[in-house]
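Asks: Need the 3D shape of this:
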Amino acid sequence: MAENHRIWNIPPRPEAVADARRATRKALADWGCAHAIDDLMVVVSELVTNAIRHGEPPITLTLCLAHDHVHGMVIDRGPTLPRLAFTGDLAESGRGLPLVADLTCTLAWRRIPSGGKQVSFTYLLREKP
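Replies: The predicted structure is shown next:
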């Protein structure tokens, strides 16, 4: 596995979200990208949670460091594509994907030929002021 490319298998259990966050934190620290940890914790938490709740196993999380970006994707076998819904302030759910869209340069999803879906993002690394 390349040093700037990490892939994790995510068990379909809610506790696996914390494991995905820990793995992401370690990868970002190893890559010298500690300034991006807070934002990418939100992104990874939301996408992995959605895959566990609405997708089907197997679930994988991939992160790649490429120059000034972190590219990521979550793949699961579920047939339902995400919906970017804008909800009110009092809604109990539905705010996650809009938040991920705000934190990232790109957020996209597609069906994959082998079945299931891929949700991908690109995060611009920038130094905190």
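
Asks: Correct me if wrong: Cys33 contacts His69.
Replies: No. If you go by C-beta atoms under 8 Å, Cys33 and His69 don't touch, sitting 10.2 Å apart. The way it works is simple: take the backbone N, C-alpha and C, and place the C-beta from them, glycine included.

Asks: Now list whatever residues contact both of those two.
Replies: Leu125 (C-beta atoms under 8 Å, 6 or more residues apart in numbering).

Asks: Now the lowest-mean-pLDDT helix or strand in the chain - C-alpha only, CSV.
Replies: Scoring the helices and strands of the chain by mean pLDDT, DSSP states H and E places helix 96-103 at the bottom, with a mean of 91. Extracted C-alpha coordinates of helix 96-103, given in CSV (Å, rounded to 0.1, in the frame of the first residue of the first chain):
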residue,chain,number,x,y,z
GLY,A,96,-24.9,15.9,7.2
LEU,A,97,-24.4,15.9,3.4
PRO,A,98,-24.9,19.7,3.1
LEU,A,99,-22.2,20.1,5.8
VAL,A,100,-19.9,17.7,3.9
ALA,A,101,-20.5,19.7,0.7
ASP,A,102,-19.6,22.9,2.5
LEU,A,103,-16.3,21.4,3.9
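
Asks: which of the residues in the very next helix or strand once past it are buried?
Replies: Following helix 96-103 in sequence order, the next helix or strand is strand 106-111 (DSSP states H and E). Buried residues in strand 106-111, counted by 16 or more other C-beta atoms under 10 Å: Leu107, Trp109.

Asks: Which strands or helices does the lengthiest helix in the chain pack on?
Replies: Under DSSP state H, the helix in the chain containing the largest number of residues is helix 37-54. With contacts taken as 3 or more C-beta pairs under 8 Å, 6 or more residues apart in numbering; DSSP states H and E, helix 37-54 sits against strand 5-10, helix 16-30, strand 59-66, strand 69-76, helix 96-103, strand 117-124.

Asks: now, of these, which is deepest in the fold?
Replies: strand 69-76 (a mean of 21; mean count of other C-beta atoms under 10 Å).
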